[in-house]
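Peer 1: Have a look; sequence and predicted model below, questions after that.
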Amino acid sequence: MTAYRTCELATLAKDGTPITWPTSPWLRADGKLVLTTSLGFPQKAYNIRRDSRVAMLFSDPTGSGLDAPEQIFVNATASCPEEISTEPGELTEYWSMLFERQPSGRAHLSPLMRPLGDWYYMRLVITITPETVTTRPPLVSEPRTAQAQSVVDSFETAVLGARDAAGKPVLVRVRPEPTGTTYRVSVPADVPIESGPASLLVHSHDELLDNLRLALVRGQLTGDSFVPSQVVNPIGSNWGVLRQGRRNTRDYLRRRGLARPKVNWAAFSSLAG
C-alpha cells in the first residue's frame with residue numbers, strides 16, 4: 001500500500017453518488033490513513049461530515065516502481081474536524097512525503113505565489129479508519145482502437161464508484177466500453193455493487209505526480225450499464241484554479257465567522273528544503 005503514490009478516494013454526495021478523486025494518503029503507525037484537503041476545495045470534508053462512509057482503491061502504480069501490483073480496496077470510515085492546520089506540526093511526516101513525491105508542490109511556497117495561493121496550505125485533516133481490506137488482481141490496460149469521443153474514451157481504464165446493498169461506497173477499476181450514449185462496465189462477480197447513482201473517474205499523472213489529467217463523470221448505474229449525466233473537470237488554468245481556491249476559502253471562513261488563518265511559511269519552507 002505504501003508504495004503506491006496515489007489512491008482513489010470516494011466520499012458520498014448528498015444524493016448518494018460516490019464522488020471519487022485521486023489523493024495521496026499517509027499510512028500512520030497505528031494503521032489509520034491520513035490525508036488533507038485545502039480550504040480552497042473542501043467538498044471531501046463536507047461529504048465526510050455528512051456521511052463518514054468512504055472507500056479507497058490503490059490501483060494506479062505510476063511512480064511506485066511496482067510492475068503490475070495487486071490492487072488494494074479499503075472499505076472505511078472517516079472523520080474531518082473543523083480545525084484548520086496551517087503548519088506541518090503533527091503532519092510533518094505527511095508533508096515530507098508530499099514534498100518528496102510531488103516536488104512541484106513546492107511552487108506554492110514561492111513568495112510571489114503566497115498572496116493568491118496561501119489557501120493551499122490551509123488544510124482540513126481527514127483521518128480514515130479501515131474496516132476491511134481486499135486485494136484484487138491488476139487490470140491490465142489495453143490500447144483503444146476507436147477514436148475517442150469523450151473524456152472517458154481517451155483513457156484505457158476508469159474507476160467506477162458505486163454502492164453496495166448497505167449503501168457503502170465501492171470502487172473498482174474497469175474498462176468502460178462505449179455503447180452509444182452509455183458505457184458497459186464489466187465488474188468482477190465478487191465485487192458487490194448495486195444499481196443507483198454512480199460515477200466514473202479517469203485520471204493520470206507522471207512519475208512525480210505532475211501533468212495531472214482527470215475528470216469525473218456522474219451518472220446512473222443499471223446492471224452493467226452506466227449512463228452519464230454530468231462531467232466534472234476541476235482542472236482549469238493555473239490562474240483559474242488559484243482564483244477559485246481563494247474564493248472558496250473566503251466563503252468557507254465567512255460562513256463560520258472565522259478570520260483568515262496565517263500560514264507558517266518558515267516551517268513549510270524548512271521542511272520542503
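Peer 2: That came in fine, so what should we check first?

Peer 1: how close does residue 59 sit to residue 103?
Peer 2: 24 Å (C-beta to C-beta, to the nearest Å). In short, each C-beta sits where N, CA and C put it, glycine included.

Peer 1: if you count what's nearby, which of the two comes out ahead?
Peer 2: residue 59 (22 against 14; other C-beta atoms under 10 Å).

Peer 1: which residue ranges form the helices in the protein?
Peer 2: For the chain, the helices defined by DSSP state H cover 43-50, 92-101, 114-117, 238-255, 265-272.

Peer 1: wait, which of those helices is closest to residue 150?
Peer 2: For the helices of the chain, proximity to residue 150 was assessed by C-beta to C-beta; helix 238-255 is nearest, at 22.2 Å.

Peer 1: helices and strands around that closest one, which ones?
Peer 2: helix 114-117 (3 or more C-beta pairs under 8 Å, 6 or more residues apart in numbering; DSSP states H and E).

Peer 1: Show me what the helix it packs on is in contact with.
Peer 2: The contact list for helix 114-117 (C-beta atoms under 8 Å, 6 or more residues apart in numbering) reads 108, 242, 243, 245, 246, 263, 265.

Peer 1: In ChimeraX, how would I select just the buried ones from the residues you listed?
Peer 2: One line in ChimeraX is enough to select the buried ones among the contacts of helix 114-117; burial here means 16 or more other C-beta atoms under 10 Å:
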select :108,242,245,246,263
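
Peer 1: quick check, distance from stretch 216-234 to the centre of its chain.
Peer 2: Offset of stretch 216-234 from its chain centre (C-alpha atoms, centre = their mean, to the nearest Å): 17 Å.

Peer 1: swap that for stretch 111-128, sorry
Peer 2: For stretch 111-128, the distance to the chain centre is 16 Å (C-alpha atoms, centre = their mean).

Peer 1: Convert the C-alpha atoms of it to PDB, please.
Peer 2: What follows is stretch 111-128 as a C-alpha-only set of coordinates in PDB (Å, rounded to 0.1, in the frame of the first residue of the first chain):
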ATOM      1  CA  PRO A 111       6.800  34.500  -2.100                       C
ATOM      2  CA  LEU A 112       5.200  35.500  -5.400                       C
ATOM      3  CA  MET A 113       2.500  32.800  -5.100                       C
ATOM      4  CA  ARG A 114       1.700  33.300  -1.400                       C
ATOM      5  CA  PRO A 115      -0.900  36.100  -1.800                       C
ATOM      6  CA  LEU A 116      -3.100  34.000  -4.200                       C
ATOM      7  CA  GLY A 117      -2.100  30.500  -3.100                       C
ATOM      8  CA  ASP A 118      -2.000  30.700   0.700                       C
ATOM      9  CA  TRP A 119      -5.200  28.600   0.900                       C
ATOM     10  CA  TYR A 120      -3.200  25.600  -0.400                       C
ATOM     11  CA  TYR A 121      -1.600  25.400   3.000                       C
ATOM     12  CA  MET A 122      -4.800  25.900   5.000                       C
ATOM     13  CA  ARG A 123      -5.800  22.200   5.400                       C
ATOM     14  CA  LEU A 124      -8.600  20.200   6.900                       C
ATOM     15  CA  VAL A 125      -7.300  16.900   8.200                       C
ATOM     16  CA  ILE A 126      -9.100  13.700   7.200                       C
ATOM     17  CA  THR A 127      -8.400  10.500   9.300                       C
ATOM     18  CA  ILE A 128      -9.500   7.200   7.700                       C
END
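
Peer 1: now the closest residue to residue 261 other than its chain neighbours: how far from residue 118?
Peer 2: Beyond its immediate neighbours in the sequence, the residue positioned closest to residue 261 (C-beta to C-beta, 6 or more residues apart in numbering) is residue 86, lying 4.9 Å away. Distance check for residue 86 against residue 118: by C-beta to C-beta, it reads 9 Å.

Peer 1: Pull up the overlap in contacts between those two.
Peer 2: Any residue near both residue 86 and residue 118 by C-beta under 8 Å, 6+ apart counts here, and that gives residue 263.

Peer 1: Comparing these two, which residue is more hemmed in?
Peer 2: Taking residue 86 and residue 118 together and counting by other C-beta under 10 Å, residue 118 has the greater number of neighbours (22 against 17).

Peer 1: about what we covered before: which ones are touching the residue nearest to residue 261?
Peer 2: Applying C-beta under 8 Å, 6+ apart to residue 86 gives the contacts 121, 122, 123, 261, 262, 263, 264.
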